[in-house]
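attaching a predicted model along with its sequence, questions to come.
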Amino acid sequence: MKNIFSNKYFILLSRLILGVVFIIASIDKISIPDIFALNVQAYKLLPVFLVNLAALIIPWVELICGIFLIGGYYVRSSSLLLSGLCLIFIIALTAALSRGLKIDCGCFGPEHNSPVSWMRIIEDICLLVLSAHIFFYTNTLAINEGEMTA
Amino acid sequence: MQKTKNKSLAREVEIIIVISIFLALVYNVFSSKGIPLIRKEIKKIAASDSLLFAYADQVDSLKLMDNRDTAIPKDINVIAPLHERALKNPDSVAKLYPQKHDPVLKIISLEQLNRLLAQKCGILLDARGEDEFEKGHIPGAQNIPGLEPEKYVEQIITQPRDTLIIIYCNNPDCHLAQMLAEFLSVMEFKNLYLYDDGWDGWKKAQMPIDTSFTKEKSR
């Protein structure tokens, strides 16, 4: 079982999927920051003065990590950061749902009209699993290879 | 071994975050759609009757308001009366916010909305999505979803820019009306008002609901 997960093609596939998803998700947010800021504000989790900073920086972290994942640089740290982002998104979505906020998710940027729902949380959990997979098994792969070459 | 690994991992995370922040700031400076780094809270201020009904003098408007109150069933509490949330003295607002650049949304009460509707003043815009609009809306409203106003712009583009426009969405927490208001103010519409209690407030006050919807009619 462990072999399947640590199979390098399987990890490559995870990296490509995660990278592409996050790059697509970041582009709209970067191109229309004012509307994305409104999306962020609608969650009512951040104090208003921090909303714009979060709306500016989060999409760039997504983009850079996505590019690194596909390019194969800084793979573990990128997947760690993306897991962190996924966790934050899951918490934010759950908070919004439990408070009954009728707001737009903003998940894939403002152009995609998708209200907050359990489906969005499930999507984020899937992304979290993918990034956790990359994080944990990239490590073991590197060690195994190191042992083999040593 | 493990320690050095964790250290280099933390270092990489730091590098990625620094690169992201740097690019975000640089892009924001040079982008035509750049936003201020520190967001200012949008002030919601109650629109005074004298502002809304400029032609009627204060005494007449008070009388009219009394008559109009019969339109709302007496025993029903309209949720969170607007003027409690907003500033108490709307006319002092100009002194409080002398700079035009401060983001300000002028909000109107159910009474004021009813009066405007009765007088067929201005345009009423529903900023919710098409699906929700179809299920029911305030009679006389046109649908321009706040998420994609540019697709519906032809409904409004021919209007004079000083037309009185009232926008609503679900409730005070709903950001769609705010998005539409920002879009319209970019289009240089100057006379924008927000019915803040929105669809939820309208339903709670048991006001009449329009469920008719045809695309031809709304376009």
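All right, it came through fine.

for the residue in chain B positioned nearest to chain A, list the residues it contacts.
Minimum separation of chain B from chain A (Cβ to the nearest Cβ) falls at B:Glu12, amounting to 3.5 Å. No exception for glycine: its C-beta is placed from N, CA and C like everyone else's. Neighbour list for B:Glu12: A:74, A:76-77 [criterion: Cβ atoms under 8 Å, 6 or more residues apart in numbering or on different chains].

for B:Thr163, same thing?
Here B:Thr163 is in contact with B:122-123, B:189, B:191 (criterion: Cβ under 8 Å, 6+ apart).

so it belongs to a helix, correct?
No - B:Thr163 is assigned coil when assessed by DSSP: H, G, I helix; E, B strand; the rest coil, not a helix.

quick one, phi psi at it?
phi -60, psi 140 (degrees, to the nearest 10).

and if you look at B:Ile157?
Dihedral pair for B:Ile157: phi -70, psi -30, per degrees, to the nearest 10.

give me the pLDDT value at it.
Looking at B:Ile157, its pLDDT is 83.

check B:Leu124 too.
90.

three-state assignment of the spatially closest residue to A:Ile27 that is not a sequence neighbour?
Computed as Cβ to Cβ, 6 or more residues apart in numbering or on different chains, the closest residue to A:Ile27 that is not its neighbour in sequence is A:Gly109, at 6.9 Å. Here A:Gly109 is recorded as coil under three-state DSSP.

now whichever residue of chain A sits closest to chain B, nearest residue through space, not along the chain?
As assessed by Cβ to the nearest Cβ, chain B sits closest to A:Ser77 within chain A, at 3.5 Å. Leaving aside its chain neighbours, A:Ser77 sits nearest to B:Glu12 (3.5 Å; criterion: Cβ to Cβ, 6+ apart).

same deal with B:Ser31?
In space, B:Ser31 is closest to A:Pro33, 7.6 Å off (Cβ to Cβ, 6+ apart).

what residues are up against A:Ile134?
By Cβ under 8 Å, 6+ apart, the contact list for A:Ile134 reads A:11, A:14-15, A:18, A:69, A:75-76, A:79.

adding neighbour count, pLDDT and secondary structure, write those residues out as CSV.
Formatted as CSV, these follow (neighbours: other Cβ atoms under 10 Å in any protein chain shown; pLDDT from 0 to 100; DSSP: H, G, I helix; E, B strand; the rest coil):
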residue, neighbour count, pLDDT, secondary structure
A:Ile11, 20, 90, helix
A:Ser14, 21, 92, helix
A:Arg15, 24, 93, helix
A:Leu18, 27, 94, helix
A:Leu69, 28, 94, helix
A:Val75, 23, 92, helix
A:Arg76, 19, 91, helix
A:Ser79, 27, 94, helix
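
buried sites along the strand or helix carrying the residue nearest to A:Ser77?
Per DSSP states H and E: B:Glu12 is located in helix B:2-30. Across helix B:2-30, burial judged by 16 or more other Cβ atoms under 10 Å in any protein chain shown covers B:9, B:12-13, B:16-17, B:20, B:23-25, B:27-28.

ok, those residues vs A:Asp28, which is closest?
Here the nearest of the buried residues of helix B:2-30 to A:Asp28, counting by Cβ to Cβ, is B:Tyr27; it sits at 14.1 Å.

is it true that the closest one touches A:Ser26?
No - look at B:Tyr27 against A:Ser26 with Cβ atoms under 8 Å: they stay out of range, at 11.6 Å.

now the common contact residues for those two.
Shared contacts of B:Tyr27 and A:Ser26, defined by Cβ under 8 Å, 6+ apart, comprise A:Trp60.

separation between the residue of chain B closest to chain A and A:Phe49?
30 Å (Cβ to Cβ, to the nearest Å).

B:Leu110 too?
From B:Leu110 over to A:Phe49 (counting by Cβ to Cβ), the distance is 32 Å.

with B:Ile21 instead?
In terms of Cβ to Cβ, B:Ile21 sits 17 Å off from A:Phe49.

related to what we said a few turns ago, now the helix holding B:Glu12, how far from the centre of its chain.
38 Å (Cα atoms, centre = their mean, to the nearest Å).

go through the helix or strand that comes right after that helix and flag the buried ones.
Next helix or strand after helix B:2-30 toward the C-terminus (DSSP H and E): strand B:43-46. Residues of strand B:43-46 classed as buried by neighbour count (16+ other Cβ under 10 Å): B:44-46.

one more: stretch A:91-111?
A:92-93, A:96, A:101-110.

stretch A:71-91 too?
Quick answer for stretch A:71-91 (16+ other Cβ under 10 Å): A:74-83, A:85-86, A:89-90.

distance from that stretch to the middle of the chain?
For stretch A:71-91, the distance to the chain centre is 6 Å (Cα atoms, centre = their mean).

what about B:Pro208, how many neighbours?
Neighbours of B:Pro208 under the rule other Cβ atoms under 10 Å in any protein chain shown: 8.

that one: what's it in contact with?
Shown in contact with B:Pro208 (Cβ under 8 Å, 6+ apart): B:Pro139.

Three-state assignment for it, please.
coil.

before we move on, back to that, generate a ChimeraX selection restricted to the buried subset of the contacts of B:Thr163.
Selecting the buried subset of the contacts of B:Thr163 in ChimeraX, with 16+ other Cβ under 10 Å as the burial test, is done by:
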select /B:122,123,189,191
